[in-house]
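> Pasting a predicted model and its sequence here:
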Amino acid sequence: MREVFLVFLKLGLTSFGGPIAHLGYFRRELIERREWISESQFAQLIAISQFLPGPASSQLGFALGLVRAGWAGAVSAFIAFTAPSAVLLLAFAALLPHISGTLGEAAIHGLKLVALSVVAHGVLGMARRLCPDFPRMMIAAAAVVMVLAAQQAWAQLVVVAFGSLAGMVFCGKARTAPEGGIHVNVDRRTGAVLLALFALLLIGLPLAARESSGLVPVAAAFYRAGALAFGGGHVVLPLLEETVVAPGWVPHDEFLAGYGAAQAVPGPMFSFAAYLGALLPGSQGGFTGASIAIAAIFLPGFLLMAGVLPFWQAIAGRPTAARAIAGINAAVVGILGAALYDPVWINAVRGPLDVVIAIIGFALLAWRKLSAIFVVLWCIAASVIAALF
């Protein structure tokens, strides 16, 4: 457990660049250097984390900790990988009320442009990897249209279901999972209990929230966001917007500012929930709200990962499952593409200069291969300088 904690603390402090980049950090540190599991097993864990809703890189880290040191290792991996980004975003939430005036507002606007650059880069990278042929490109395009036309959070579930069905029909080139088992200390009975608990909380928390006030609605809202966020990372953006902005808990400007700040810190994107929880009104907010929000948004993904692992080997080798996963991944690209336009573009771009700043930020990521921290510095500096002149 100590080994897992220290390794993932290092990763939590240094893993910039989002969930796709995290896979590279994990592979280099845990597979190449430490040989915790084989390449084949690592590939299977990646496939599972992409198939399930939730934070893909955190689910992968949770599973690696589980394989290495059991339940204690899984919890240690989560805490160590998540804590650095959560603490930094809590600090940003505390400073936000003191950021005022022209320069402060310009800096906040610069963070919105960071979100535009990073999400655009994420869409491009995922499209290249997950939509390599015409059928998957068409699934992604259809997903964009469906999400933008519906303008509802539940549309993502419909789109994911559509992607799985379309994948089974049209994605005949998709490969099955690599051979080689994943040995975890979780039997099928325990897995079934964890999957049942996931479903019970998904249904029961909203029902309890109707009869309660305080932190129960917060737990229900963030659990729902974590349970329905297929693709993890940036894909959770529209769900979190529906969770905290639509009911008036967090203003839209503060929401996008925090999302931009989340690009500047290492670790999982879902740590953004700590920032949002801290900004909740009254007794729901502060450290307590942040703790409830971050625990609730990560919990469903971890329950699913630990619940599915005992059953994975029985289904992963089937060609139909591989085609369904390919279709779901393509639909996720479409969901992210829709989020790039609404809410990111709509709320970040006020004129041609903003487009230029965001394009340069995108270029720093896509062509210069720089860390997202440099994009944050560029967008904030350019926005502040533009405000001065």
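Looks like it came in fine.
> so where's the stretch 251-389 of the chain uncertain?
Low-confidence segments of the stretch 251-389 of the chain (pLDDT under 70): 313-314, 316-317, 371-372.
> mind listing the helices for it?
Using DSSP state H, counting those that start in this stretch, the helices of the stretch 251-389 of the chain run over residues 252-262, 272-279, 286-316, 319-339, 346-348, 352-366, 372-388.
> The ones you listed into TSV, with extra columns for mean neighbour count and distance to residue 132?
Placement of C-beta: from N, CA and C, glycine included. Output for the helices of the stretch 251-389 of the chain, formatted as TSV (neighbours: other CB atoms under 10 Å; distance: least, CB to CB, whole Å):
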stretch	mean neighbour count	distance to residue 132
helix 252-262	24	29
helix 272-279	29	30
helix 286-316	21	20
helix 319-339	25	9
helix 346-348	17	30
helix 352-366	18	18
helix 372-388	19	25
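> angle of the lengthiest helix in the chain against helix 272-279?
Ranked by residue count and defined by DSSP state H, the top helix of the chain is helix 56-95. Orientation check (axes from the mean of the first three to the mean of the last three CA atoms, to 10 degrees): helix 56-95 against helix 272-279 gives 30 degrees.
> which of the residues in helix 56-95 are buried?
Under the neighbour-count criterion of 16 or more other CB atoms under 10 Å, helix 56-95 has 56-69, 73-78, 80-86, 88-90, 92-93 buried.
> Could you identify the helix or strand that succeeds that helix?
Next helix or strand after helix 56-95 toward the C-terminus (DSSP states H and E): helix 101-130.
> how near is residue 110 to residue 366?
19 Å (CB to CB, to the nearest Å).
> Measure how far the direction of the helix or strand hosting residue 3 deviates from that of helix 56-95, in degrees.
Using DSSP H and E, residue 3 sits within helix 2-14. Relative orientation of helix 2-14 versus helix 56-95 (the same axes, to 10 degrees): 60 degrees.
> which helices and strands does helix 2-14 pack with?
helix 19-26, helix 56-95 (3 or more CB pairs under 8 Å, 6 or more residues apart in numbering; DSSP states H and E).
> Redo these as TSV? Include distance to residue 360.
Below are those laid out as TSV (distance: least, CB to CB, whole Å):
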stretch	distance to residue 360
helix 19-26	20
helix 56-95	23
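> Can you tell me which of those has the worst average pLDDT?
Among those, helix 19-26 carries the lowest mean pLDDT, a mean of 76.
> May I see the buried residues of that one?
19, 21, 22, 23, 25, 26.
> Let me see the contact set for the third one.
Yep, that's residue 22 we're talking about. 11, 15, 57, 60, 61, 268 (CB atoms under 8 Å, 6 or more residues apart in numbering).
> Can you tell me, leaving aside adjacent residues, what's nearest to the last one?
Closest residue in space to residue 268, ignoring its immediate chain neighbours: residue 58 at 4.5 Å, by CB to CB, 6 or more residues apart in numbering.
> Surely that neighbour and residue 301 touch.
Yes. Look at residue 58 against residue 301 with CB atoms under 8 Å: they come within range, at 6.8 Å.
> give me every residue that touches the residue lying closest to residue 241 once chain neighbours are set aside.
Distances taken as CB to CB, 6+ apart place residue 343 nearest to residue 241, at 5.8 Å, with adjacent residues excluded. For residue 343, the contacting residues are 237, 238, 241, 252, 256, by CB under 8 Å, 6+ apart.
> Tell me the spacing between residue 343 and residue 374.
24 Å.
> same thing with residue 239?
28 Å.
> Could you do residue 139 as well?
Residue 139 is 34 Å from residue 374, by CB to CB.
> measure the residue nearest to residue 241 to residue 206 for me?
23 Å.
> quick one, what contacts residue 133?
Residue 133 neighbours (CB under 8 Å, 6+ apart): 171, 173.
> can you rerun that using 7 Å?
residue 173 (CB atoms under 7 Å, 6 or more residues apart in numbering).
> ok, now residue 315?
residue 321.
> Over to the one 10 residues further on?
When the contact criterion is CB under 7 Å, 6+ apart, the partners of residue 325 are 47, 50, 51, 167, 174.
> repeat for residue 217
Applying CB under 7 Å, 6+ apart, the residues near residue 217 are residue 209.
> Can you pull the phi/psi pair for it?
phi -60, psi -30 (degrees, to the nearest 10).
> and if you look at residue 369?
Per degrees, to the nearest 10, the backbone of residue 369 is at phi 60, psi 30.
> what about it, how many neighbours?
8 (other CB atoms under 10 Å).
> Relative to residue 264, how far out is it?
Taken as CB to CB, the span from residue 369 to residue 264 is 17 Å.
> Could you measure from residue 375 over to residue 114?
For residue 375 relative to residue 114 (CB to CB), the value is 6 Å.
> shared neighbours of these two, anything?
263, 361.
> on contacts alone, who are the packing partners of the helix or strand hosting residue 160?
According to DSSP H and E, residue 160 maps onto helix 155-170. Other helices and strands packing on helix 155-170, by 3 or more CB pairs under 7 Å, 6 or more residues apart in numbering; DSSP states H and E, are helix 134-150, helix 319-339.
> Need these in CSV (columns: distance to residue 284).
Output for the helices and strands packed on helix 155-170, formatted as CSV (distance: least, CB to CB, whole Å):
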stretch, distance to residue 284
helix 134-150, 29
helix 319-339, 26
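> quick revisit: with distance to residue 260 added, can I get the contacts of residue 325 in a markdown table?
Shown next, in a markdown table, are these (distance: CB to CB, whole Å):
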| residue | distance to residue 260 |
| --- | --- |
| 47 | 31 |
| 50 | 25 |
| 51 | 29 |
| 167 | 33 |
| 174 | 35 |
